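Q: My questions are about this predicted structure, shown below with the sequence.
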Amino acid sequence: MPARVKKIRHDENTRAKIKVGNIIARLNGLIAGTIDMPPHAVTAALGLLRKALPDLTSVEHSGEISTTKVIRTPNISTDTAAWLQQHGDKPETLQ
């Protein structure tokens, strides 16, 4: 097979994801029984995963969430006849 003309260059983030994927694949193989690993290799793999992946239990939200709402209200009418003249019997469609 000829050499690649356009070389693929991965940034550091992509390389880290590939390495983490390889570690996860090895541990999945260990659980499935297709790969045999000594205990110290399992401990090392778990240590590397702890360094590479964030610990989701330590994520905490603090602060307040605010939202803004816009409400369209009808114009104020003085009496029923003025309201019916302005709005009629049909409901107004939203635009």
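A: Yep, that arrived.
Q: What are the contacting residues of the helix or strand of the chain with the lowest mean pLDDT?
A: Ranked by mean pLDDT, DSSP states H and E, the weakest helix or strand in the chain is helix 80-87, scoring a mean of 79. Helix 80-87 is touched from outside by 74-75, 77, with contacts defined as C-beta atoms under 8 Å, 6 or more residues apart in numbering. (Each C-beta comes from the backbone N, C-alpha and C, glycine too.)
Q: Output the contacting helices and strands for the top helix by length along the chain.
A: The longest helix of the chain (DSSP state H) is helix 12-32. Packing partners of helix 12-32 (3 or more C-beta pairs under 8 Å, 6 or more residues apart in numbering; DSSP states H and E): helix 39-52.
Q: Any buried residues in the helix it packs on, and which?
A: residue 45 (16 or more other C-beta atoms under 10 Å).
Q: That one: how far from the chain's middle?
A: Centroid displacement of helix 39-52 relative to its chain, using C-alpha atoms, centre = their mean, to the nearest Å, is 26 Å.
Q: quick one: average pLDDT of that helix?
A: For helix 39-52, mean pLDDT rounds to 87.
Q: how much does it deviate in direction from helix 12-32?
A: In terms of direction (axes from the mean of the first three to the mean of the last three C-alpha atoms, to 10 degrees), helix 39-52 departs from helix 12-32 by 140 degrees.
Q: mind saving the C-alpha coords of helix 39-52 as PDB?
A: Taking C-alpha atoms only, helix 39-52 is exported to PDB below (Å, rounded to 0.1, in the frame of the first residue of the first chain):
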ATOM      1  CA  PRO A  39      -4.200  -7.100  38.600                       C
ATOM      2  CA  HIS A  40      -1.600  -4.300  38.400                       C
ATOM      3  CA  ALA A  41      -2.500  -3.600  34.800                       C
ATOM      4  CA  VAL A  42      -6.200  -3.200  35.800                       C
ATOM      5  CA  THR A  43      -5.200  -0.900  38.600                       C
ATOM      6  CA  ALA A  44      -3.100   1.200  36.200                       C
ATOM      7  CA  ALA A  45      -5.900   1.300  33.600                       C
ATOM      8  CA  LEU A  46      -8.400   2.500  36.200                       C
ATOM      9  CA  GLY A  47      -5.900   5.100  37.400                       C
ATOM     10  CA  LEU A  48      -5.400   6.400  33.900                       C
ATOM     11  CA  LEU A  49      -9.200   6.600  33.400                       C
ATOM     12  CA  ARG A  50      -9.500   8.600  36.600                       C
ATOM     13  CA  LYS A  51      -7.000  11.100  35.200                       C
ATOM     14  CA  ALA A  52      -8.500  11.300  31.700                       C
END
